[in-house]
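Novice: pasting the sequence and the predicted coordinates here, then a few questions.
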Amino acid sequence: MNEITAPTGKVIVCDGNEAAAWGACLSRPDMVAVYPITPQSSLVEYLAQFIADGRMDADLMDVEGEHTVLSVLHGAVLAGARTYSATSAQGLAFMFEPYFRTPGLRLPMVVSLVTRDAVSPTCVWGGQQDAMTVKEVGWIHMYCETQQEILDTIPIAYKVAEHPDVMLPVNVNHDGNYLSYGVARVELPEQSVVDAFLGEKQVNWHACLDPERPMAVDPLTGGAGGVGPSMFVKYRKGLCSGMQTALQVIEDAHADWGKRTGRYWSPLIEEYRMEDAEVALVTIGSMTGAAKDAVDEARADGKKVGLVKIKTFRPFPAARIAQALSKVKAIGVVDRSVNFGWNCGPAFQEVLAALYAHQTARIPMMSFIGGLAGADITVEHFAQVVRRTFRLAGGEAAAGPVWLNEND
Amino acid sequence: MGAAFDSISFKASLCDGCGDCMTACSTAKQGASRISIVPGAKAGTFETAICRQCGDPKCVQVCPSGALDKDGGNGVVGWDASKCVDCLLCTAGCAYGGIAVDETVARVAKCDQCDGDPACVKVCPTGALEYRKAGTIFNQYGDKEDLFVPGLSGCQGCNSELIMRHAMRKIGRNSVLATPPGCIPGMGSVGYNGKTGTKVPVFHPLLTNTASMLAGIRRYYDRIGRKDIVVMALAGDGGTSDCGFHAVSGAAERGEKVLYVCVDNEGYMNTGMQRSGTTPYGSWTSTTPVGEHMKGKTQDAKNLPLIMTAHKCRYVATASTGYMEDLYEKLDRAVEASFEGFSYLHIYSPCPTGWRVPSSKVIEACRMSVDSNFNPLWEYTNSTGLRFTHSPDNAYPVAEYVKMIGKYRHLSQDQLAHIQAKVDEQVALLKLMAAESPPPLAAHRAPTGSSTPVGAEPTQSARREIARN
């Protein structure tokens, strides 16, 4: 848990969307393209106001939809720009065609995903189904727990995205409704601190549209015979390698940010009271706060429980998670989305795979799904998760998923 | 490279024998007319007797005094009155009746093309006479660098390849080119497996986002003060009129400063000749086939350039390789306009493979599509409105056009009548728009801070806001 440090910058009170807008503003993108969608809309409005006020020196592109939002940013990045945008759920779905293309072109950019459950049934409230649905596309995905973490993670994300050994787009995710509209104390770093952290922007010459250096961007690649398939494989392997390299780059960037601001966020996973834990919870995003309270209460009752928060979901820090969970007797993974066809949450499946890959002992695990459609996952819900996980540790068979808000 | 020359062309089918050309010529030259309208082989038809400015002129060969000579600069066979001995041998030597005798002075009267502005052409009410400036294009651009590599794998006779090569030769290296999925990248412009087919920066947008990506590029170039680069697309009709239309419409609405060239071959020709939004009524395509229950496309084509005028674009025009001078002039204007706002050029492009037209007939099909008003040539700006760049009057019946194209082979009389009616309706609407358009402005001045080419506005800083037109 991060201590509140003596502020080095201005302190404001704002919601998560405004915190994200500040994070973007301080990162000095050249171009911002937007299309409003609940619960991201106010983020777009903050950006527009920042630009209107001259606080932010970026070109604002109010376009006709999310497909174009990402497409104009593709053009801008290929011309040498640093870019920012934000979206949610249906917007992300409409953005999918260029979204799919971004990591393949190795375009470094940062897009906030204000996570939301995806229709149908029609629902405009929080949930992580949108982000979890696109986790295999090749974007880096980071999830934030607090408004401050949102703000801080955006400059960190640029540092990661633009690293020459990474060159990948980053989604900085924060929970719709909970974080997007929840208000908290947030410290604004000095602009000079962020400027020094990010350094000079470089033109990404690996793919650039400039008459001074003509090149063909995205020629047809693959096909049978010749060098086609091997060339395609080379690109795919490069993307995989960029993803794996990002694990270290993300750690370094967080460490650097910590040195400059005094706020050391856990880059890949955060271990909370795991030293002697007999059972562990695994959480993502804003639910972690309530989960930590539940852990504290259980500890007060003498129950040895700890928590692992996943911050970086792609690339998946499998070895770190397996290591953190290696000594517990049972694990309860709480998701805010559904993995259809596996009858569990997506993080549950990922943790399961990580443990299989990095451990020989089989640790009992159970999937909990809560917080869909903006529902609250309360401390009491987490207390229930703790109780069930201890029963699992005691030999009770796993039965899941447990739908936490089923009777709310 | 040899020289090429401009020439006066005569289209017998449009001539009604009024003789206005002869009157205009004799007035301009204050003597006998150098052009004669004479009866044609069939009753009611006409031919012309006029100097063809032959490449190997017989008149020059027979002239005993050296009074006649072909000018290597403009190609006109000139007559030197001071050397002429008035033997009139040249009038006998010319097989075309191209040299008249001015009875009033008993000397020859020879067409000199009025120094590039022929009086006869200007007065011709039917468009039968036309001053073709293709020679100028050849002389100015013929030895300019081709910005696509040789050996693009287009089909034989591909008109789109012709458009690409001409357009880029005209526009030059200082450009960024988008070629979305379709025939243009399919024939290798973006390239395969790391090898490119284009010498300017080129990219392969998605089928759906060409205009959006261009907008992003241009905005950033404007931001960093690079105002001299033409940011442009050579896109097919499918990616423009169908799934890419939201991007085109949005970019036009926002006044994004890009040049969008739609190469309209009336279908998804790269993927097997399927229908698109611009496929005309009645066309056979592989998704609007001809069978017992279905006889080609049952809907009319979307008139994309007309739709773009409703977006109040900075510039909208239609063009055809059948009228290359017109195309070149429009490219100039379209490029210029693209530094001020959305510039849209719609070029009709018959597809020999998908339309079932012999390769050798492609340019003829281009001409006929224009001359039958199937694809009228016009241009539009948001300040001057619409004007035709080729007379829509005295058009051939559409039946004359469609009969040379295999995809219309099955058409019934009813279908043909429908197509003709739609063509007439479309021309009537365009004429209405042309009639209501204001006259051209005397001078156009770019708004402050606009993205004009480098050098034109040396003191302007990078422009941050797009002018709404």
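Specialist: Perfect, thanks for sending it.
Novice: which helix or strand contains the residue in the stretch 51-200 of chain A positioned nearest to chain B?
Specialist: Proximity of the stretch 51-200 of chain A to chain B (C-beta to the nearest C-beta) peaks at A:G75, 2.7 Å away. C-beta here means a position set from N, CA and C on the backbone, and glycine is covered the same way. Assigned by DSSP states H and E, A:G75 belongs to helix A:66-78.
Novice: and A:L355, by the same measure?
Specialist: helix A:346-358.
Novice: which elements pack onto that helix?
Specialist: Helix A:346-358 sits against strand A:279-284, helix A:318-324, strand A:330-335, strand A:365-369, with contacts defined as 3 or more C-beta pairs under 8 Å, 6 or more residues apart in numbering or on different chains; DSSP states H and E.
Novice: averaged pLDDT, that helix. What do you get?
Specialist: Per-residue confidence for helix A:346-358 averages out to 96 on the pLDDT scale.
Novice: what does that helix rub up against?
Specialist: Helix A:346-358 is touched from outside by A:132, A:135, A:282, A:284, A:310, A:313, A:316, A:318-319, A:321-323, A:325, A:331, A:333-335, A:337-339, A:342, A:362-363, A:365-367, A:400-401, with contacts defined as C-beta atoms under 8 Å, 6 or more residues apart in numbering or on different chains.
Novice: hmm, 6 Å instead?
Specialist: Around helix A:346-358, the neighbours that count as contacts under C-beta atoms under 6 Å, 6 or more residues apart in numbering or on different chains are A:132, A:282, A:284, A:316, A:318-319, A:321-322, A:333, A:335, A:337, A:339, A:342, A:367.
Novice: show me which of these is closest to chain B.
Specialist: With C-beta to the nearest C-beta as the yardstick, the closest approach to chain B among these comes from A:M132, at 24.2 Å.
Novice: neighbours of the closest one, how many?
Specialist: A:M132 is surrounded by 24 other residues when neighbours are defined as other C-beta atoms under 10 Å in any protein chain shown.
Novice: on the three-state scheme, it is what?
Specialist: Three states are possible here, and by DSSP: H, G, I helix; E, B strand; the rest coil the one that applies to A:M132 is helix.
Novice: so how far is A:G138 from it?
Specialist: If you measure A:M132 against A:G138 using C-beta to C-beta, to the nearest Å, the figure is 15 Å.
Novice: same question for A:A216.
Specialist: A:A216 sits 21 Å away from A:G138, taking C-beta to C-beta as the criterion.
Novice: out of those two, which sits in the busier spot?
Specialist: More crowded of A:A216 and A:G138, by other C-beta under 10 Å: A:A216, with 26 against 21.
Novice: give the bridge partners for the more buried one, please.
Specialist: When bridges are assigned using DSSP bridges, the partners listed for A:A216 are B:V202.
Novice: how about the one 4 residues further on?
Specialist: Bridge pairing for A:L220 (DSSP bridges) gives the partners B:Y192.
Novice: B:G191 is in contact with that one, correct?
Specialist: No - if you go by C-beta atoms under 6 Å, A:L220 and B:G191 don't touch, sitting 7.1 Å apart.
Novice: C-terminal to the helix holding A:G75, what's the next element?
Specialist: Going down the chain from helix A:66-78, the next helix or strand is strand A:83-87, by DSSP H and E.
Novice: contacting residues around that following strand?
Specialist: The contact list for strand A:83-87 (C-beta under 6 Å, 6+ apart) reads A:24, A:29, A:31-33, A:40, A:43, A:66, A:69, A:73, A:76-77, A:95, A:109-112.
Novice: that strand - what's its average pLDDT?
Specialist: Averaged across strand A:83-87, the pLDDT comes to 98.
Novice: could you do stretch B:267-280 as well?
Specialist: For stretch B:267-280, the per-residue pLDDT averages 95.
Novice: again, but for stretch A:66-79
Specialist: In this model, stretch A:66-79 has a mean pLDDT of 98.
Novice: for stretch A:33-50, same thing?
Specialist: Stretch A:33-50 comes out at a mean pLDDT of 97.
Novice: quick one: distance of that stretch to the chain centre.
Specialist: Using C-alpha atoms, centre = their mean, to the nearest Å, we find the averaged C-alpha position of stretch A:33-50 to lie 19 Å away from the chain's own average C-alpha position.
Novice: gap between the two ends of it?
Specialist: Counting by C-alpha to C-alpha, to the nearest Å, the length from the leading to the trailing residue of stretch A:33-50 is 14 Å.
Novice: contacts for that stretch?
Specialist: Surrounding stretch A:33-50, the residues in contact under the criterion C-beta under 6 Å, 6+ apart are A:17-18, A:20-21, A:25, A:32, A:56, A:60-61, A:63, A:65-66, A:69, A:72-73, A:85-88, A:91, A:114, A:124, A:176-177, A:180.
Novice: flag every buried residue along that stretch.
Specialist: Neighbour-count burial for stretch A:33-50, with 16 or more other C-beta atoms under 10 Å in any protein chain shown as criterion, is recorded at A:33-44, A:46-48, A:50.
Novice: who in the stretch 351-469 of chain B is up against chain A?
Specialist: Taking C-beta under 6 Å from any C-beta of the partner chain as the criterion, the stretch 351-469 of chain B does not approach chain A at any residue.
Novice: now the helices for the stretch 351-469 of chain B?
Specialist: In the stretch 351-469 of chain B, the segments counted as helices under DSSP state H, counting those that start in this stretch are B:352-355, B:362-371, B:398-402, B:413-435.
Novice: same thing with the stretch 201-350 of chain A?
Specialist: A:228-261, A:287-300, A:318-324, A:346-358.
Novice: starting at the chain centroid, how far to the shortest one?
Specialist: Right, the one you point to is helix A:318-324. 18 Å.
Novice: re earlier: redo the helices of the stretch 201-350 of chain A as TSV? Include mean neighbour count.
Specialist: Listed next are these as TSV, based on neighbours: other C-beta atoms under 10 Å in any protein chain shown:
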stretch	mean neighbour count
helix A:228-261	16
helix A:287-300	20
helix A:318-324	19
helix A:346-358	19
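Novice: in the stretch 151-300 of chain B, what residue is nearest chain A?
Specialist: Going by C-beta to the nearest C-beta, chain A is nearest to B:G216 of the stretch 151-300 of chain B, at 2.7 Å.
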